[in-house]
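just need the structure, nothing else, for what follows:
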Amino acid sequence: MDAPARDRTLIGSDALEPVKRPTREEAMEAVRTLIAWAGDDPRREGVIDTPKRVVDAYGEWFEGYEADPGKELSRTFEDVQGYDDIVMLREIEVESHCEHHMAPFLGKAYVAYMPTNRVVGISKIARVVEIFARRLQTQETMTQQIADALTDSLRPAGVAVLIDAAHQCMTTRGVHHRHVSTITTQFTGVFKTDPSLRQRFLDFVNKR
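Residues are numbered from 1 along each chain as shown. Predicted structure coming up:
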């Protein structure tokens, strides 16, 4: 579980020992505690298998901690036949969980880069989005991480990332405002310095 320490600043990290990953049984016991805290009986027939199902679900929802975006982007192709324009993926599914309430946020990602002398398989870009989404996140951080991963691995002329997502920590609790989505963007290189190129990206985002 070194990914959180590698990606984020830990409060008081100078004095903290690395976190030991709990066993599966310890994780299941934590779920039983939450069921009891909510007011139910974890021994009840309807919820007796819930701890197992929750731990299995967490293993899937947060599998991004075990994956390396750089490895996904490591195989590139230099034979692009002189292609020198935008490469873009639209409407990549985003299924993540906010790190503040561990509630889902769901939406779409739009990712583009301007290649220099190499490109990467388009499925790898979608996989990078998935890896970062399958961690406890803020949308702002995830947007930046996707842009950084593409920049570090591909050395493109520029990267553009836009994420549009609805946060259930806002719609199902607290202020209870439904039908509200959050948009975050990150532009680097030519997408940041060239307004017309940035506008082309945004036009592609809004294309129906």
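
quick one: neighbours of residue 195, just the number.
9 (other CB atoms under 10 Å). For the C-beta atoms, the positions are set from N, CA and C on the backbone; glycine is no exception.

and it, how far from residue 44?
60 Å (CB to CB, to the nearest Å).

any idea of the mean pLDDT in the helix or strand containing residue 147?
Using DSSP states H and E, residue 147 sits in helix 139-154. Averaged over helix 139-154, pLDDT sits at 97.

okay, buried residues for it please.
For helix 139-154, burial by neighbour count (16 or more other CB atoms under 10 Å) applies to 139, 141-151, 153-154.

next helix or strand past the helix or strand bottoming out on mean pLDDT in the chain?
Ranking every helix and strand in the chain by mean pLDDT, DSSP states H and E puts helix 3-7 at the bottom, with a mean of 45. Using DSSP H and E, the helix or strand that follows helix 3-7 in sequence is helix 24-38.

who does that next one touch, helix- and strand-wise?
helix 50-61 (3 or more CB pairs under 8 Å, 6 or more residues apart in numbering; DSSP states H and E).

could you list the residues in contact with the helix it packs on?
Residues outside helix 50-61 that contact it (CB atoms under 8 Å, 6 or more residues apart in numbering) are 24, 27-29, 31-32, 35, 42, 95, 97, 134.

which stretches of the protein have low pLDDT?
Along the chain, segments meeting pLDDT under 70 span 1-15.

if I look at the most centrally placed residue in it, how far off is residue 81?
Residue closest to the average C-alpha location in the chain (CA atoms, centre = their mean): residue 133, at 2.1 Å. The gap separating residue 133 from residue 81 is 33 Å, by CB to CB.

check residue 112 too.
Counting by CB to CB - residue 112 and residue 81 are separated by 19 Å.

again, but for residue 104
Relative to residue 81, and taking CB to CB, residue 104 is found at 42 Å.

and those two? Which one has more around it.
Taking neighbours as other CB under 10 Å, residue 104 and residue 81 compare with residue 104 leading, 17 against 4.

now do the same contact list for the more buried one.
95-98, 168.

redo the residues you listed as JSON lines? Include distance to residue 183, secondary structure and neighbour count.
Shown next, in JSON lines, are the contacts of residue 104 (distance: CB to CB, whole Å; DSSP: H, G, I helix; E, B strand; the rest coil; neighbours: other CB atoms under 10 Å):
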{"residue": "95", "distance to residue 183": "17", "secondary structure": "strand", "neighbour count": "14"}
{"residue": "96", "distance to residue 183": "15", "secondary structure": "strand", "neighbour count": "26"}
{"residue": "97", "distance to residue 183": "19", "secondary structure": "strand", "neighbour count": "21"}
{"residue": "98", "distance to residue 183": "16", "secondary structure": "strand", "neighbour count": "18"}
{"residue": "168", "distance to residue 183": "17", "secondary structure": "helix", "neighbour count": "16"}
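
sounds good, over and out.
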